[in-house]
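>>> my questions concern the predicted model and sequence given below.
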Amino acid sequence: MKIIILLVIIGLGILIYYLFFRKKMALLIIDVQNDFCPGGTLAVTDGDSIIEPTNKLIRLFQSNKKIVIYSRDWHPLGTTHFKCDENPDGWPVHCVGGTKGAEFKNGLIVPLNANIVSKGMGNGENAYSAFDPGARISGMDLNTFLKNKRVDTLLVCGLATDYCVKDTVLDAKKLGYNVIVVQECIRAVNIEPNDGEKAIAEMKNAGAIIPEKIF
Ligand SMILES: [Zn+2]
């Protein structure tokens with residue numbers, strides 16, 4: 001019990017430190033879209049359970065005038081990213097741009113003027129990472145967008161831990177960002193049962209800070 005309380009205090013301490021003493025922080029929310037949530041074509045178990053804690057972070061960032069960025073898969077229908085003759089190991093059809101499945105999950109706070117990075121728009125692009133060179137936010141790649149805003153620290157949450165969250169975090173570390181991953185606000189696909197845990201270990205090894213608890 002004492003250890004849990006200590007971990008919560010450490011988690012809160014890290015968050016408060018970054019929010020109030022590191023001025024150049026952004027919240028990056030990965031792919032909280034209908035198709036990745038229960039009822040979707042590529043649903044992550046309990047994917048929608050991250051919405052409530054993620055909304056808390058969004059409100060916290062909005063009230064502190066910090067940047068909030070949403071990434072989304074935005075695929076063409078005929079991409080070889082999907083299972084097809086050329087790619088029998090591809091994914092089920094998901095998040096086709098402009099369809100209901102690609103919309104952000106109901107309940108997630110998304111302002112009308114939200115900063116959105118769309119990825120996987122080219123044929124055959126997996127674009128798990130929001131930093132994929134083909135991904136676009138306001139007509140530029142995410143790294144350029146963040147550099148223009150002088151962001152040096154990212155708080156990352158979203159779906160799924162073992163794919164898009166992991167690849168985004170690894171790219172962010174390679175690009176030199178400070179990265180904190182919020183465990184309460186991520187969920188894994190877990191094609192193999194330990195994929196989520198392995199992804200967390202990999203992100204930590206790359207230098208990401210991943211507190212056991214923040215709330
Ligand atoms: Zn995809």
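Perfect, thanks for sending it.
>>> from here on, contacts and neighbour counts on C-alpha atoms
Noted.
>>> next one, pLDDT for the residue nearest to the spatial centre of the chain please.
Geometric centre of the chain, nearest residue: Ile30, 2.2 Å, by C-alpha atoms, centre = their mean. Ile30 carries a pLDDT value of 98.
>>> repeat that for the one 4 residues further on.
The predicted structure scores Asn34 at 98 on the pLDDT scale.
>>> burial of it, as a residue count?
24 (other C-alpha atoms under 10 Å).
>>> just Ala188 next, same as before
25.
>>> pretty sure it sits against Lys198.
No. Applying C-alpha atoms under 8 Å as the test, Ala188 and Lys198 come out as separate, 10.3 Å apart.
>>> got any residues that touch both of those two?
Asp162 (C-alpha atoms under 8 Å, 6 or more residues apart in numbering).
>>> returning to what we had before: looks like the residue nearest to the centre of the chain contacts Leu154 (just checking).
No. Contact between Ile30 and Leu154 fails when scored by C-alpha under 8 Å: they sit 11.9 Å apart.
>>> so Cys95 sits against His75, correct?
Yes. Between Cys95 and His75 a contact is recorded at 6.1 Å, counting by C-alpha under 8 Å.
>>> circling back: quick check on the residue nearest to the centre of the chain: phi, psi?
phi -90, psi 120 (degrees, to the nearest 10).
>>> got it, and Tyr177?
phi -80, psi 150.
>>> how about the contacts made by it?
Counted by C-alpha under 8 Å, 6+ apart, Tyr177 has contacts 152-154.
>>> which is the next helix or strand following the strand ranked longest in the chain?
Using DSSP state E, we find that the single longest strand of the chain is strand 178-187. Using DSSP states H and E, the next helix or strand after strand 178-187 towards the C-terminus is helix 195-205.
>>> how about residues contacting that next one?
161-162, 166, 169-170, 187-190, 210.
>>> just the CA coordinates for it, please, in PDB.
This file holds the C-alpha atoms of helix 195-205, laid out as PDB (Å, rounded to 0.1, in the frame of the first residue of the first chain):
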ATOM      1  CA  ASP A 195       3.500  -7.500 -26.400                       C
ATOM      2  CA  GLY A 196       2.300  -4.600 -24.300                       C
ATOM      3  CA  GLU A 197       4.800  -5.300 -21.500                       C
ATOM      4  CA  LYS A 198       7.600  -5.800 -24.000                       C
ATOM      5  CA  ALA A 199       6.700  -2.400 -25.600                       C
ATOM      6  CA  ILE A 200       6.800  -0.700 -22.300                       C
ATOM      7  CA  ALA A 201      10.200  -2.200 -21.600                       C
ATOM      8  CA  GLU A 202      11.500  -1.100 -25.000                       C
ATOM      9  CA  MET A 203      10.200   2.500 -24.500                       C
ATOM     10  CA  LYS A 204      11.800   2.700 -21.100                       C
ATOM     11  CA  ASN A 205      15.100   1.300 -22.600                       C
END
